[in-house]
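Q: Any chance you could fold what I've pasted below:
(2 chains, ligands or ions: 4)
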Amino acid sequence: MSTQVEPEPGSAGSTGPDAAPVPGAAPEPKPAGGPPSAGPGIGRMGALGMPVEAARDIRSSTRRLLQRLRGDRVGLLAVVLLALASVSMTVLGPWLLGRATDVVFRGLREGGASGIDFAALRRVLLAVLALYLAASTLQYLQSYLLAGIVQRTMYRLRADVEAKLNRLPLRYVDRQPRGDLLSRVSNDIDNISQSLQQTLSQLLTSLLSLIGTIVMMVVISPLLAMVAIISIPISLWMMRTVTRRSKVRFIQQWGHTGRLNSLVEESFTGHAIVKAFGRQREVEERFRRTNEELYRASFGAQLISGIIQPLMMLLGNLNFVVIAVVGGIRVAAGSLSLGDVQAFIQYSRQFSQPLTHVASMANVLQSGIASAERVFELLDAEEQSPEADPVTAPAPRGRVEFDHVSFSYDASRPLIDDLSLVAEPGQTVAIVGPTGAGKTTLVNLLMRFYELDGGRITLDGRDIAELPRAELRSQMGMVLQDTWLFGGTIGENIAYGNPGATDEQVREAATATFVDRFVHSLPAGYDTPIDDEDGVVSAGEKQLLTIARAFLANPSILILDEATSSVDTRTEVLIQRAMAALRSSRTSFVIAHRLSTIRDADVILVMDAGRIVEQGHHEDLLAAGGAYATLYNAQFAAAAAEVA
Amino acid sequence: MLIRLLRQHLGRYRRLLVVLLALQLVQSVASLYLPTLNADIIDRGVVTGETSTIWRLGGVMLLVTLVQVGFSIGAVYVGSRAAMGFGRDVRSALFHRVTAFSAREVALFGAPSLITRITNDVQQVQLLVAMTCTMAIAAPITVVGGVVMALRQDAGLSWLLAVSLPVLAGSLGLVVSRMLPKFRLMQERIDNINRVLREQITGMRVVRAFVREPQEVARFDAVNQDLTRTSLSAGRLMAFMFPIVLLVINASSVAVIWFGAGRISRGEMTVGSLVAFLSYFTLILIAVMMGTFVAIMAPRAAVCAERIQQVLDTPTSVLVPHEPVAALRERGSVELRDVGFGYPGAESPVLAGITLRSLPGQTTAIIGSTGSGKTTLVNLVARLVDATTGAVLVGGVDVRELDPEVLWQRIGLVPQKPYLFSGTVATNLRYGKPDATDEELWAALEVAQARDFVAAMPGGLDAEVAQGGSNVSGGQRQRLAIARALVRRPEVYLFDDSFSALDLATDARLRAALAPHTRDATVLVVAQRVSTIAGADQILVLEDGVPVGLGSHEDLLVTCPTYVEIVDSQASTREAA
Ligand SMILES: Nc1ncnc2c1ncn2[C@@H]1O[C@H](COP(=O)(O)OP(=O)(O)OP(=O)(O)O)[C@@H](O)[C@H]1O
Ligand SMILES: Nc1ncnc2c1ncn2[C@@H]1O[C@H](COP(=O)(O)OP(=O)(O)OP(=O)(O)O)[C@@H](O)[C@H]1O
Ligand SMILES: [Mg+2]
Ligand SMILES: [Mg+2]
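A: Ligands and ions are numbered 1, 2, ... in the order given. Down below sits the predicted model:
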């Protein structure tokens, strides 16, 4: 049969949802709600404001999604070819069947009941059967391949999100509701995959059979074909009107899903508090509200996209009547055989069917694109500054210098301003000060979790901003104020900073940090599975585990931020000894409220409100009678009180 | 499971569903009438070339179409209402169930899985219901109607239906049954994606600090690959569905013509009815194809329904009594009678033989080494877990007989890991008392030694708090959590190691301010610093879950060697000074 110019997959999309924008009308994309014009660069903190900016890029989201599919160029080409082949066959089918009907007719006309040429009929029908069988096989192959393409694309999409996550600044992640991020990966990507899987194959087949059918119709009767073709622009217009409305709803639907997810995630994370504060009712009320919004958006999306099918049906039937009329006139005039009209009518139905299909598929696709939009939004978030080139580092000595450092989490609230300090190799630097003074912040800066606003931090004379982050961090071992365990065994958690550690080494570190004592009593020992929240270990035990972790990492710089705050004091005293040994040969930063733990530090820095107000040795500082002395005496007074 | 879930939660929409059925009935009948009209137009109009007949019949046909379209849209409206309403209700039910869970059940499923179930799983079932309501519900009607109409056209060919329908159903059934296990795996794997990702977000600082990104990427990659593999094999099975349906439909129409030709040659059938028969036949099979659409969704939805039902069917281990005691017998006293607690499956109990009584105005301190069961004890009083032996009484009533709402209203808990919710300082402080005035909030902040820093935050009480309180320092978070409990003005205070992140000066000031505030409340305080608890009325010393001392600081210094050891471990500072 005739081969005509085939549309390439890229243009398949353009017939779909966002068919050529009506020029002239309305100046280009208008953001739905009209966000307070964010201006160039980072739109107000990037995060938090997320849903407002939606709708803007849906056209490019479609394109980007299709582009991602194109990663599998060969597969995609095969799919198109297979679709082409199978569609040609299904299109040929009715035509052949029309020949079969003609055989019946002719037989009837020529020889009455017994005049039918059954041998010819059988030949034709067997050919049709073979054709259909081949078409189905090809279609299966096509779907099979497509499933692979779609799933591999989704795999890459998820992997990209994961990679992205590692490049996002903490500043961004801290502000993003966790549940919403999760929803983008689990719900949205799942939705993209579902809608692509459902629609792509059918969209392709339907489009191709639409074209094939048109060709066949033109072959049979150009006049009748004209009648049929007129309905295409009408249906495109209907499609556009409907999809434009459903699109908005779908964007809302997935946005609300994300919001619901974060609400759920947060309530489950704080489950115990919700209960103990008797807040179930209020939390449920909040849930109910978001749930209601989600309901409304999903209902709207479902309704609007459901309407398209009946509408197209109406159009199809209208078309049919007109064709029947025109066809009837032609038959009466003798310019068309009955079999041809028969076939043509069959085609005209086969014509409106894929049209209806394309319309409803385009709608389902909208849902997927709304989701893609949310995923791309995440992928487009501003990243931390690019990594510096690796340099061949000389053996680390561990000299750390803060040189006129200034920093704030929030530009309107300066926190650290012009702070300088030096830690010589092997020194233990203790940082004390009231809560909120900025102690943890110093650690955050040293680890390059945040970038400086001014000044620089150097490690062995090199600016840490010029070191690759991994290289910088691999020299540090730290115990954070907020403990964290990952889902794995106790042994794996201890070995977290040193994946190559032997069981022996793990046990050694555990013994030194008194982890062994309680792990011992667990039936599965080091193989006991734990994770951050199910509380198999107590808070203090958890802290001990993180200490063991830093111990085993064997870093050249050690950072301990309130490492033993939840550990009982008897154990703490013992641990101090172990840690003193660990600290002896490396530069260490120790933050502690229990001043007993830092008395013998080489330098004690007293911080207040982001500044270093005093520094020196324990004795000097006491003698100076300043802030440190006050802090220390408070402790002394407390200690004295208890014995009194 | 699916059926049960549907019955339970679609029941509310019974009336809508009846309307839906009526709409779909009319819609299907109209669509069934169309082929007859088609045949008429061909037989009486096109064949004879009578244009006026075509116009007349065409008009009727358009009218019927209009009716069909109108009713279809109505059905879509009603169906979407019911389906989305169903989804909403199931989500609500799930959320309600989980909030009633105790920590043990939450841990049993794992928060990530519970989250998936509430959003993703419900979404799948909802999709199925929506598809059924808007498309598939018409299918059986169309099939029955189509069969009737086809029989009317020519009963002699109808045996073909009896062959192709079962063939179709059988082959679809085969594919579907193979898909079920795939989808079960698939949902679990989405759970896993959620779990790993959530962990990585929570632990991002540690991951980065230890330069574990490559390993974490690998860990994610493993679950990602698992999910991809499962989705792929499910997708490939799905790929069977439409080709099979198409093949059966097409092969059947070939058969119709072959056998139809035979009947025509014997004069048992006209060409017009052959065409009509073919139309009905196609209509029936297309209806079946619509059903296939649903059949594709069904296995996944069935699995999801199962997972949803699993949560709904799990009873909470902290049971609400049938006839709960609604009032305390006495004001906020706390009493533990020979209490023991053990985790299921654990060898030795976490707590054993704890007996304790604390009255309003009294402070009971609990001290003991790491892992000795202090938090567990606090959780018992707050009834976050239930004692395995003995009884916990609050206000003279066994907590298990008490209405949990009443209990929780009387309790102000400051957990060891202070968790703040995203929102503002004020929303967090009002957590336990939604109607607290700003003055009350400031007063609580004052006591908690948090006034200054909150005042300095941009917006003061309206300053933003990120999820988990990640944008305030550790000590600030702890003090906000203390203030949150203070705002409630409860009868029983539970402080679980709540001063650990405070410097000693702040700690001392806080305790001084706290004393008048808690004058007529029962205070249970877990602490590691002797200085924090030396003034308590009684101190319980725990060692491996067993009480080894109970009395005042002075008594214990004499009677309890463990306590003396603890004091000594802290006294070294003083001596050295
Ligand atoms: N992620 C953040 N975003 C915004 N502000 C923050 C963030 N982290 C800390 N801050 C603020 O910066 C200040 C210093 O916090 P930091 O955590 O460094 O205190 P700290 O000295 O470690 O206190 P603590 O002893 O309580 O741990 C505090 O006022 C805190 O509210
Ligand atoms: N879900 C659980 N399953 C099994 N064992 C558990 C579980 N939760 C806690 N445990 C064990 O119970 C013991 C007591 O834990 P608990 O949290 O009450 O200790 P704690 O006295 O509060 O310790 P810390 O001072 O470290 O906070 C610990 O040894 C812990 O390992
Ligand atoms: Mg800190
Ligand atoms: Mg505890």
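
Q: how would you label A:Trp484: helix, strand or coil?
A: Under DSSP: H, G, I helix; E, B strand; the rest coil, A:Trp484 falls in the coil class.

Q: So it sits against B:Ala209, correct?
A: No - in this structure, A:Trp484 is not within contact of B:Ala209 by CB atoms under 8 Å, at 10.0 Å. C-beta: built from backbone N, CA, C; applies to glycine.

Q: The two: which is more packed in?
A: Neighbour count, other CB atoms under 10 Å in any protein chain shown: between A:Trp484 and B:Ala209, B:Ala209 has more, with 27 against 20.

Q: Quick check: pLDDT value at the more buried one.
A: If you check B:Ala209, the pLDDT there is 86.

Q: Contact partners for it?
A: B:Ala209 sits next to A:447, A:473, A:476, A:478, A:480 when contact means CB atoms under 8 Å, 6 or more residues apart in numbering or on different chains.

Q: same check, this time on B:Thr316
A: B:100-102, B:105.

Q: among those residues, which are in helices?
A: B:100, B:105 (DSSP state H).

Q: With distance to ligand 1 and neighbour count as extra columns, can I get the contacts of B:Thr316 in CSV?
A: Listed next are the contacts of B:Thr316 as CSV, based on distance: CB to the nearest ligand atom, whole Å; neighbours: other CB atoms under 10 Å in any protein chain shown:
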residue, distance to ligand 1, neighbour count
B:Ala100, 34, 17
B:Phe101, 31, 22
B:Ser102, 31, 20
B:Glu105, 33, 19
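
Q: Which residue in the contacts of B:Thr316 has the weakest pLDDT?
A: B:Ser102 (83).

Q: Just give the closest residue to residue 330, not the sequence neighbours.
A: Picked chain A for this. A:Leu336 (4.2 Å; CB to CB, 6 or more residues apart in numbering or on different chains).

Q: Oops, wrong one, chain B.
A: Using CB to CB, 6+ apart, the nearest residue to B:Glu330 is B:Gly396, at 4.6 Å.

Q: Which pLDDT value goes with the one you found?
A: Model confidence at B:Gly396 (pLDDT) stands at 87.

Q: Give the helix, strand or coil label for the most centrally placed residue in chain B.
A: The residue lying closest to the centre of chain B (CA atoms, centre = their mean) is B:Ile118, at 3.3 Å. With three-state DSSP as the basis, B:Ile118 sits in helix.

Q: do the same with B:Leu494
A: strand.

Q: likewise A:Asp417?
A: With three-state DSSP as the criterion, A:Asp417 reads strand.

Q: just B:Gly432 next, same as before
A: With three-state DSSP as the basis, B:Gly432 sits in coil.

Q: and the closest residue to it other than its chain neighbours, what does it touch?
A: Nearest non-adjacent residue to B:Gly432, counting by CB to CB, 6+ apart: B:Arg488, 3.7 Å away. By CB under 8 Å, 6+ apart, B:Arg488 lies in contact with A:277, B:412, B:432-433.

Q: rerun at 6 Å
A: Shown in contact with B:Arg488 (CB atoms under 6 Å, 6 or more residues apart in numbering or on different chains): B:412, B:432-433.
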